[in-house]
Structure formats: structure tokens, C-alpha cells
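*Asks:* Show me the folded form of this:
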Amino acid sequence: MTSAYPAYPAQRRDAWRPIGQALAAAMAVVALAGCEEKNTFVAPPPAKVDVATPVQRPVTRYVEATGNTAPIKSVDLVARVQGFLQTIDYTDGTFVKQGTQLFTIEPETYKLKLDQARAAEAGAQASVRQAETDFKRQAELVQRQAVSQATLDTSTSTRDNAQASLQQAQANTAIAELNYSYTKVSAPFDGVVSAHLVSVGELVGVASPTQLATIVAMDPIWVNFTVNEQDVLRIRAEAQRRGLTAADLKQFPIEIGLQTETGYPHEGKLDYVAPTLNSSTGTLAVRGLVPNDKRVLLPGYFVRVRVPFDQDKNALLVPDSALGSDQGGRYLLVANNDNVVEQRKVQIGPTDNGLRVIESGLKPDDRVVISGLLRVIPGQKIDPQQTKIEQPQASAR
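*Replies:* Predicted structure coming up:
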């Protein structure tokens, strides 16, 4: 019996076989998928974040500023008499003690003038003695009415003129002694003498005093700096609370550090506080006095200055890396009792040995997020990992 459908060649049947197998496989996958349960979203576990309570310890509060060192004494050594420079008696740039002879200016001429003045003074003294003797003799003769009163008056005038001449001679001697002393230029105080500005044999002091060199006192040394108005108000308020007077403020210690030094290794005391603020800058001029026996500080140095004015016995400190900032200011992320992150607005203070003082907005038992800040946001639950804040070693004073 013949089929109603035309027979396909074997080649066409072989071509359709792979397509059929693919359709069968797809139907099998759909059937299996229908038998499985539907997929559901599983929330990730809370992020593990390191938290720590703030460090609590005493902290000294400072007023910090920048300043410059200056010598307490600096004098130009000048030739006060005219003459040829005879000797230079020191080595340029050396430290000398008070009274050390530094220059000699042709002393012979002034020594002769001094001898001349002393001789004139001796002659005047002899004239006074003679006039005094003659006056006493004439006074006795007048009492016996042996001579007239006019003779006594002449003797009195002669005595008075002799005394005046003696006084003038004594003044000339003093001037001659002073000029003679000026021929030897000595150090007026302990200090370092600069390079000499004139040479031996040069005529000095001709028209005006000639500068020979400069001497600078090195120990102690001044430190000049300024304090802004806000710090002035804080210091005055603290001084009033502690019952300190203006004289007590001058006993405040100051600490100094150079640009190349760590910390503040040089210590001194306040020496001067200006009575008024500079209205144009809003600052108060302050000066400190610092011992400098090793002459480490040179006049003109730029220095860092800090003045301790208060101590907080229970300050709270956290690492600077734990602080964030936005338009509202600085903040910390804190884990509450439910391990949910909260944002706390805080007021920050100075740094102390590598940690930042928190003035307000934080409690001693708060758990502060100290690492992983970029992985958490306020309102998010976290898996807090309790740790401790590492305290850096105390820096050099």
C-alpha cells in the first residue's frame, strides 16, 4: 500500500535530526526549572568594623605660635676718640667676657693730655692752699685792726678764684681720663664679637664715631611672637578662674622648637606682654626669655612656640583618621547599643602625642569606628570588632 505523504530522501531526514534533539533538550530544561523552588534574595552579613572607646588621659592645653629669636643686647662698638687704630685684640666671631679689651686707638697722645691736666690740677691745688693761708692771715689782722677791710676782701676774692680754678682743673682732668679710657675699646658685656670693620693703622673717629665691630649677647635670648585675640581671651579667662595676676602670667613657662628639631626641647619663661592689642592685626605682642648657655639659638631664627595655660585631667582623644568632615563640620561614626552606626558632630581640639582631643560631642564609653569608615554609613548595622586605640610614644619636649 502506498503512503499518502511523499517520502523524504534520507539526506533530508539526517539534516533535521540535530534540530529535533536541540528542541528536546530545551523542553527538558524548562520542565526541570518548573520543578525547582524560586530564587530568593539573601542579605549580606553586617560589615566587620573596628571600634574602640576614646583614650582618656590628662592633656595640657597650649597656645601655639611662631616667632623669631632676638638678642637681649646688641651694641655697635665705635671709636669715640680720634686717632690711628693701633691694635685689634680679639679674633673675629669669638665669644668674649665683659671687660675684654678689643681695640686700641693711639693712646700716647691722650696719656700726655691726661698728665698735663693732672699737672694743672696740682698747680691749682697749690694756689688754693696759698690763697686759703693768706685769707686766714688777713682775717686775723682785720680783727686786730692791723689792716683794712679792703685787704681782707681782696684776699677773699683771691681764695675764691683759686678754688674755682681748682674745680676747672679737676674737670679737665676727668675729661682727659675719660678720653684716655676711650683709647681702649672693651666688651661692655659677655657676647660674640663680629668681624672687625676697620684695619690696623686706619684713622678713626675723625668726623663722627667710627664703627669698629658689633657685639651680641647670646645667653639668654629673647623670643618674640604674637597671640591672636581669641587665645588672649582664653588665657585671661583661665587666669581669672585661677586667680592669677599679670605678674603671675610672666612666670608662665614657654617651650621653643627649631624647624629641624622634634618637639619643643628649649624651655624658658614669659618676659613681656604688650599692654594693648594691635588693632590692625588683632594680635598681642608677647616676648619670652630662654636660656641659651650652649648658644644653640642664634638671633633671627624662626621658631615654633607653645605656652601651656591649662590642663584637662580627663580629656578624650581619638585618631585623626577616625574623623570625617562635611558641610556641618567634623564628625565621628559611633556604634550604638544595637550596633547601628550613628554620626556624631564633634568639636575638635589640638593634637596631643599623635591623637586628636575631642572637646565636645563624645562620651567616654562611646564606641568609635576607627577603621573601615568607607564601608559604613550612618543607620547601617555593623559587626563591631572591639579593639584599643594605639597611643604613639610621647614626642620629645
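*Asks:* just the helices in the stretch 51-200 of the chain please.
*Replies:* 107-143, 149-182 (DSSP state H, counting those that start in this stretch).
*Asks:* again with the stretch 251-397 of the chain
*Replies:* Under DSSP H, counting those that start in this stretch, the stretch 251-397 of the chain gives no helices.
*Asks:* would a markdown table of the helices of the stretch 51-200 of the chain with distance to Tyr272 be doable?
*Replies:* Backbone N, C-alpha and C define where each C-beta goes, glycine included. Converted to a markdown table, those look like this (distance: least, CB to CB, whole Å):
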| stretch | distance to Tyr272 |
| --- | --- |
| helix 107-143 | 41 |
| helix 149-182 | 34 |
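*Asks:* can you redo these as CSV with mean neighbour count, distance to Gly205 and mean pLDDT?
*Replies:* Formatted as CSV, the helices of the stretch 51-200 of the chain follow (neighbours: other CB atoms under 10 Å; distance: least, CB to CB, whole Å; pLDDT from 0 to 100):
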stretch, mean neighbour count, distance to Gly205, mean pLDDT
helix 107-143, 16, 12, 86
helix 149-182, 16, 9, 87
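*Asks:* pLDDT (mean, whole number) over the strand or helix carrying Arg234?
*Replies:* For Arg234, the host element (DSSP states H and E) is helix 229-241. Taken as a whole, helix 229-241 carries a mean pLDDT of 81.
*Asks:* Could you do stretch 261-269 as well?
*Replies:* pLDDT averaged over stretch 261-269 gives 91.
*Asks:* and what of stretch 388-397?
*Replies:* Per-residue scores along stretch 388-397 average to 66.
*Asks:* you'd agree Gln130 is up against Asn161?
*Replies:* No. Using CB atoms under 8 Å, Gln130 is not in contact with Asn161, being 11.8 Å away.
*Asks:* and Lys363, how many residues sit next to it?
*Replies:* Counted by other CB atoms under 10 Å, the residues lying close to Lys363 total 11.
*Asks:* Could you tell me the per-residue confidence at it?
*Replies:* 91.
*Asks:* repeat for Leu297
*Replies:* 93.
*Asks:* Check the one 3 residues further on too.
*Replies:* pLDDT for Gly300: 93.
*Asks:* ok so, going back, can you list the buried residues in the helix holding Arg234?
*Replies:* 231-232, 234-235, 239 (16 or more other CB atoms under 10 Å).
*Asks:* for stretch 368-382, same thing?
*Replies:* For stretch 368-382, by 16+ other CB under 10 Å, it's 368-370, 373, 376, 382.
*Asks:* would you turn those residues into CSV with pLDDT and distance to Thr281?
*Replies:* Converted to CSV, the buried residues of stretch 368-382 look like this (pLDDT from 0 to 100; distance: CB to CB, whole Å):
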residue, pLDDT, distance to Thr281
Val368, 92, 39
Val369, 91, 41
Ile370, 88, 40
Leu373, 77, 39
Val376, 84, 44
Ile382, 87, 48
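*Asks:* now, among these, which is nearest to Val200?
*Replies:* Val200 lies nearest to Ile370 out of these, by CB to CB, at 72.0 Å.
*Asks:* Surely that closest one and Glu390 touch.
*Replies:* No. In this structure, Ile370 is not within contact of Glu390 by CB under 8 Å, at 9.5 Å.
*Asks:* what about Pro275, neighbour count?
*Replies:* With other CB under 10 Å as criterion, Pro275 counts 8.
*Asks:* what's the spacing between it and Val286?
*Replies:* When distance is defined by CB to CB, to the nearest Å, Pro275 is 12 Å away from Val286.
*Asks:* How about Gln391?
*Replies:* Separation of Gln391 from Val286 (CB to CB): 32 Å.
*Asks:* More neighbours: which of those two?
*Replies:* Between Gln391 and Val286, counted using other CB under 10 Å, Val286 has the larger neighbour count: 25 against 14.
*Asks:* what bridges to that one?
*Replies:* Phe225, Val273 (DSSP bridges).
*Asks:* can you count the residues close to Pro209?
*Replies:* Residues near Pro209, counting by other CB under 10 Å: 15.
*Asks:* Confirm for me that Arg367 is in contact with Asn337.
*Replies:* No. Taking contacts as CB under 8 Å, Arg367 lies outside contact range of Asn337: 9.4 Å.
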